[in-house]
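Participant: Predicted coordinates and the sequence they were generated for:
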Amino acid sequence: AFNDEYEKNMANFIRDVRKDLGAPKLPFVIAETGMTGPDEKHPRALSLMKAQAAVAEHEEFKGNVAFVGTKVFWRDQSVSPSGQGYHWNTNAETYYLIGDAMGRAMVRAGRELIADADLIVPVPLHLFRLWSRRFNQAACLARIIAEHAEKPVLAEGLHRIKRTKPQVGLSRAERADNLN
């Protein structure tokens, strides 16, 4: 049932964020969920992948919402640290390739914003979150975006000093309160 609503919910999410931020053309990039790569056969996984791709095809999103197909980045368990297919077998090459493809898509979708930017500054993680995750996804993407957009990146330009709880599972109001 969740997958049946995924496309509609994602489209509404994009509209809501754009409205809340007063940025009607704010670019978005949607990356395909991994599951088990090009050989995926599970109907629920396939319907989710189809719904993710469909959002970028909405007429109102053409040009500033991009979809990144990721099946080609799948690496088999035999060349990966784990057999946890749901998380790409924990394969670093796969993660890098997905990040690079997302960064390129972000440059294309956000070309107008990026053209006006002097530099790229990622959103920082709190030190404890960085320690537990071991890397900052936003900083990794910022470096890729900066490279492809030929802009400097200021990876340490901002510092998060407030330790907020994770936003996952919070309502809209709770998310706003969490950031204040």
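Facilitator: Perfect, thanks for sending it. Quick caveat, the model's predicted, so the values are computed rather than measured.

Participant: which is the next helix or strand following the lengthiest helix in the chain?
Facilitator: Selection of the longest helix in the chain by residue count, based on DSSP state H, yields helix 2-21. Counting by DSSP states H and E, the next helix or strand C-terminal to helix 2-21 is strand 28-31.

Participant: Show me the contact partners of the helix-or-strand element of the chain with minimal mean pLDDT.
Facilitator: Ranked by mean pLDDT, DSSP states H and E, the helix or strand of the chain with the weakest confidence is helix 127-133, at a mean of 79. Residues outside helix 127-133 that contact it (C-beta atoms under 8 Å, 6 or more residues apart in numbering) are Leu125, Asn136, Arg160, Arg163. Bear in mind the C-beta positions are built from the backbone N, C-alpha and C, glycine included.

Participant: same deal with stretch 49-60?
Facilitator: By C-beta under 8 Å, 6+ apart, stretch 49-60 touches 3, 6-7, 10-11, 14, 30-33, 35, 40, 61-62, 65-67, 69.

Participant: one more time with 10 Å
Facilitator: Residues external to stretch 49-60 that are found in contact with it (C-beta atoms under 10 Å, 6 or more residues apart in numbering): 2-11, 13-15, 24-25, 28-35, 40, 61-71, 105, 109.

Participant: Pull out the buried residues from it.
Facilitator: Across stretch 49-60, burial judged by 16 or more other C-beta atoms under 10 Å covers Met49, Ala51, Gln52, Ala54, Val55, Ala56.
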